[in-house]
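**Student:** sequence first, predicted model second:
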Amino acid sequence: MIETLRFWAIVVLLGLGVLFTFVSTVGVIRLPDVYSRAHTASQTDTLGAGFALAGVAVAFGWQHAAVYTVLLLFFVFITNPTAAHAISRSAAETGVEPILAAEGEDGNETEGDAETDGESR
Amino acid sequence: MSNDGRQEGDVVAVERLLVPLSDTVTVRQTVGYAVQSGLEAADSLECHLVVAMPYDDDSPESDRYSDDADGLLSRAQNWVEEDAGGADVTIETTTLGADEYLFGPRDYAEIFDAYADEHGIDRVVLDPEYQPGVTAQMLQPLERELDRIGLAYDEAPVDRPARRGRLNGGAEGFDRLFATFLISYGFYLLLGDPTYWFDLVTGAAVAGIVAVSLAQVTFTLPLDRVQSPLRVVRFALYIPYLLWEIVKANIAVSVVILRPSMPIEPTLTRVNSRVRSGLPLTALANSITLTPGTLTVRANNQQLLVHTLIPGARDDLFDGGLERGIRFVFYGRKSAAIASPRERDDAEIVGGDEL
């Protein structure tokens, strides 16, 4: 009983991890510029890696290796925002203009020039 | 140098000096030099003694600093009177910067310059060990900034006692050593096996080496035997809250990304946070970046330039939940209850040219 419960817990956790990683990938492809892509790239690290590592911890069970996964997550949580900030800041310093929604309307129309600004050299 | 202009009339030449004070071993000599050189340059001296406050008034540390500042000013006033003997010396004492945060040398240089303009100061006399607040010594960068602004300054020639050992605060040094030892030993045992004698012994040895060699550079804030452990506990309480915020934001952003119409509304916002620079600000900026939908692009002193992806995330940011969390971690529960950035007018949407 406990074993099947644990099995399904692992499956659900890994599934959620894969789901958020997938969403993040879709976001990186769909979003218009480097700044908004940095938002969604951090999803992989926070919930994607978070759920996957939680699944790993459950799979290991109550033993020492489970501590390592928590520790791993802790370091991911420190390095992820640092990297995201470094990317966006260097983008700002090299003069990449963010695509901003005009005051009061939705940002839908920005999708048109998605490929040009986001990947400017 | 002040011979032209001012001395022409029958007015007595007055030399106006600005002496920024901080609690150093050489502050006494600096004051002495200021009085002596000022009286050499002119018949009478107006000596402005100022203490620059690193924190503004609502900052939790501010009380302790203003008490220290008052003590230092009254001591310095006695020194000036003592050194002046019978000469004509006027003393003004003030604390500067109580209504704003001061960070880098530039901020200090600017408030000194503003003060100098207001009071017609001829010259600034700097203490070579000048060290306002908790930041490191900053004489050189401060001199550079004063050069840039064009304010005349003069470094007091003091006899420095043999460099004071950094371990001289006995209890403080021990606390650092002990805390570094504890942290590194704990981490070692977390990786190793706390029940195995070999790991216990090697861990103690390694932690000992780490503590002795790195204790001086590990902590940027002075440790407090009650507050520092309390901060760790409060940080542990903050983590579940942060995780919950991350999950909420992740779901909100995922929904937006997966919608075929993708209703994003990217904006650039500026938030003036009410946490101190250094570790608290880093923690806040990182927490903001960790929650998808908000991304710290720049952290400039207290000003955070945050890129937000969806309106919901922007509202959360302006409501300041994370800021309260960080204030709770570093300053305690009472300080956490502050108005949100929106209510105190510290949050605004800015255009892309702010980058």
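**Tutor:** In hand now; what should we look at?
**Student:** pLDDT weak spots in chain A?
**Tutor:** By pLDDT under 70, the low-scoring segments of chain A are A:102-121.
**Student:** which residue does the stretch 201-350 of chain B bring closest to chain A?
**Tutor:** Scanning the stretch 201-350 of chain B for the residue nearest chain A gives B:Thr289, at 3.5 Å (criterion: C-beta to the nearest C-beta). For every residue, glycine as well, the C-beta is placed using N, CA and C.
**Student:** gap between that residue and B:Pro260?
**Tutor:** B:Thr289 is 28 Å from B:Pro260, where distance means C-beta to C-beta, to the nearest Å.
**Student:** of those two, which one has the most company?
**Tutor:** The residue with more neighbours, out of B:Thr289 and B:Pro260 and counting by other C-beta atoms under 10 Å in any protein chain shown, is B:Thr289; that gives 26 against 5.
**Student:** show me where chain B has strands.
**Tutor:** Chain-ordered strands for chain B, with DSSP state E as the definition, fall at B:14-20, B:44-52, B:88-96, B:123-126, B:153-155, B:267-272, B:294-300, B:303-308, B:347-350.
**Student:** what pairs with the shortest one, parallel or antiparallel?
**Tutor:** Okay, so that is strand B:153-155. Neighbouring strands of strand B:153-155 in its sheet, by DSSP bridges, are strand B:123-126 (parallel).
**Student:** related to what we said a few turns ago, now the strands of chain B in a markdown table, with mean neighbour count and mean pLDDT?
**Tutor:** Listed next are the strands of chain B as a markdown table, based on neighbours: other C-beta atoms under 10 Å in any protein chain shown; pLDDT from 0 to 100:
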| stretch | mean neighbour count | mean pLDDT |
| --- | --- | --- |
| strand B:14-20 | 23 | 82 |
| strand B:44-52 | 22 | 83 |
| strand B:88-96 | 16 | 82 |
| strand B:123-126 | 22 | 83 |
| strand B:153-155 | 16 | 80 |
| strand B:267-272 | 20 | 85 |
| strand B:294-300 | 22 | 82 |
| strand B:303-308 | 24 | 84 |
| strand B:347-350 | 16 | 76 |
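**Student:** in space, what's closest to A:Phe77 - neighbours in sequence excluded?
**Tutor:** On the basis of C-beta to C-beta, 6 or more residues apart in numbering or on different chains, the spatially nearest residue to A:Phe77 that is not a chain neighbour turns out to be B:Leu290, at 6.5 Å.
**Student:** now do A:Ile78
**Tutor:** Nearest non-adjacent residue to A:Ile78, counting by C-beta to C-beta, 6+ apart: B:Asn286, 7.2 Å away.
**Student:** can you name the residue of chain A nearest to chain B?
**Tutor:** When you check chain A against chain B by C-beta to the nearest C-beta, the closest residue turns out to be A:Pro81, at 3.5 Å.
**Student:** contacts only, for that residue.
**Tutor:** When contacts are counted by C-beta atoms under 8 Å, 6 or more residues apart in numbering or on different chains, A:Pro81 is found next to A:Ser42, B:Ala285, B:Asn286, B:Ser287, B:Ile288, B:Thr289, B:Leu290, B:Thr296.
**Student:** surely the last one meets B:Leu317?
**Tutor:** No. Taking contacts as C-beta atoms under 8 Å, B:Thr296 lies outside contact range of B:Leu317: 10.1 Å.
**Student:** which residues do these two both contact?
**Tutor:** Counting by C-beta under 8 Å, 6+ apart, the shared contacts of B:Thr296 and B:Leu317 are B:Ile288, B:Val306.
**Student:** phi, psi for the residue nearest the centre of chain A please.
**Tutor:** Nearest to the mean C-alpha position of chain A, by C-alpha atoms, centre = their mean, lies A:Gln43 at 1.9 Å. Per-residue torsions, A:Gln43: phi -70, psi -40 (degrees, to the nearest 10).
**Student:** hmm, it is touching B:Ala252, no?
**Tutor:** No. With contact taken as C-beta under 8 Å, A:Gln43 and B:Ala252 are classed as non-touching, separated by 10.9 Å.
**Student:** overlap in contacts, these two.
**Tutor:** Residues touching both A:Gln43 and B:Ala252 by C-beta under 8 Å, 6+ apart: B:Pro292.
**Student:** specify the residue positioned farthest from the middle of chain B.
**Tutor:** Distance to the chain centre peaks in chain B at B:Pro260, reaching 47.0 Å (criterion: C-alpha atoms, centre = their mean).
**Student:** A:Ala83 and A:Asp45, how far apart?
**Tutor:** Using C-beta to C-beta, we find A:Ala83 at a distance of 8 Å from A:Asp45.
**Student:** looking at the two, which is more packed in?
**Tutor:** Each of A:Ala83 and A:Asp45 had its neighbours counted (other C-beta under 10 Å), and the higher figure belongs to A:Asp45 (22 against 14).
**Student:** wouldn't that one be in contact with A:Val76 here?
**Tutor:** Yes. Taking C-beta under 8 Å as the definition, A:Asp45 is a contact partner of A:Val76 at 5.5 Å.
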